[in-house]
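Trainee: What follows is a predicted protein model with its sequence.
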Amino acid sequence: MEVARVTSKGQVTIPVGIRKRMNLKDGDKVAFLERDGKCYIENAALVAINRAQEAFAGEAERLGLKNEEDVVAMVKEIRRARWEKRNADHA
């Protein structure tokens, strides 16, 4: 168990062992999450990635994307459609 003191400004220094285990570097952000009456500190970048993965879960199947080539084809189609729309607006 690691212990840290809270300053008068509410600041806490995260012990070096915890920072290493969480792969936190200077300037990284942390997220404070509450679950089941307990507070957890997590690497904010990893929280964002996990939430994005959860938000996009099942989307590839819904869109019929089976592999990387399908994704590339979809991106090309979207870009083509946007290019056509942009050029149609200027005609």
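Mentor: Happy to help now that I have it. Numbering: from 1, shown residues only.

Trainee: All the helices of the chain, in order from the start?
Mentor: Counting by DSSP state H, one finds helices in the chain at the ranges 16-21, 44-56, 59-63, 68-90.

Trainee: so which of the ones you listed comes closest to A31?
Mentor: helix 44-56 (4.3 Å; C-beta to C-beta). C-beta: built from backbone N, CA, C; applies to glycine.

Trainee: Please parse the protein into its domains.
Mentor: Domains of the chain are assigned by automatic domain parsing as 1-57, 59-91.

Trainee: And the last one, how far out from the chain middle?
Mentor: When you say that, I think you mean domain 59-91. How far domain 59-91 lies from its chain's middle: 23 Å, per C-alpha atoms, centre = their mean, to the nearest Å.

Trainee: outside of stretch 7-18, which residues touch it?
Mentor: Stretch 7-18 is contacted by residues 2-6, 22, 24, 30, 41 when judged by C-beta atoms under 8 Å, 6 or more residues apart in numbering.

Trainee: who wins for most neighbours among those?
Mentor: The residue in the contacts of stretch 7-18 with the most neighbours, by other C-beta atoms under 10 Å, is L24 (19 neighbours).
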